[in-house]
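A.B. asks: this one's sequence-less:
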């Protein structure tokens, strides 16, 4: 499941990373319909309706690529991510320092890159049901390029499925 999805999912091509199913959830039907990596999609504004329209333990992985800073009800959404993940499933959030300032939540605009990592980590912690989150610096040239951090956590419980 790719939340806050759009016309691109930032996933490797299917030939490199074959997945059973890729579902996108985003706000723009036209953009979602043009995403070649999605098998299906759902149009929803999570800031208006922070409930994921999927069953419990339905997904092995949930991603959110450079959009967590736009969620105005992050704990509700992270609880929903935890609900739809299978036990042992992984939630992967990627962040950068680029954003649309008019759309980002206020705390994001008032904090630095390291604090952003802590903010996302706290979403996992306070949502509950996740193992300890970890962060990875995936910046192409740390200190000289735009930063890219991944903050990820697994749902408590044993993993049992394939991707």
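C.D. replies: All right, it came through fine. Since this is a predicted model, take the numbers as computed values, not measurements.

A.B. asks: and the helix or strand bottoming out on mean pLDDT in the chain, what does it pack onto?
C.D. replies: Least confident helix or strand of the chain, by mean pLDDT, DSSP states H and E, is helix 106-109 with a mean of 84. Contacts defined by 3 or more C-beta pairs under 8 Å, 6 or more residues apart in numbering; DSSP states H and E place helix 106-109 against helix 113-127. Where C-beta positions appear, they are placed from N, C-alpha and C, glycine not excepted.

A.B. asks: Would you mind pulling the contact partners of the helix it packs on?
C.D. replies: Residues from elsewhere that reach helix 113-127 (C-beta atoms under 8 Å, 6 or more residues apart in numbering): 68-69, 74-75, 78-79, 81-82, 91, 93, 95, 97, 107-108, 111, 130, 133, 135, 147, 149, 151, 153.

A.B. asks: Past that helix, which element shows up next along the chain?
C.D. replies: strand 134-137 (DSSP states H and E).

A.B. asks: Output the contacting helices and strands for that next one.
C.D. replies: By 3+ C-beta pairs under 8 Å, 6+ apart, strand 134-137 packs against helix 113-127, strand 149-154.

A.B. asks: strand partners of the shortest one, parallel vs antiparallel please.
C.D. replies: Translated: strand 149-154. strand 85-95 (antiparallel), strand 134-137 (antiparallel) (DSSP bridges).

A.B. asks: which residues make contact with the first one from outside it?
C.D. replies: By C-beta under 8 Å, 6+ apart, the list of residues contacting strand 85-95 from outside reads 10, 57-66, 68-69, 78, 81-82, 116-117, 120, 124, 130, 138, 148-161.
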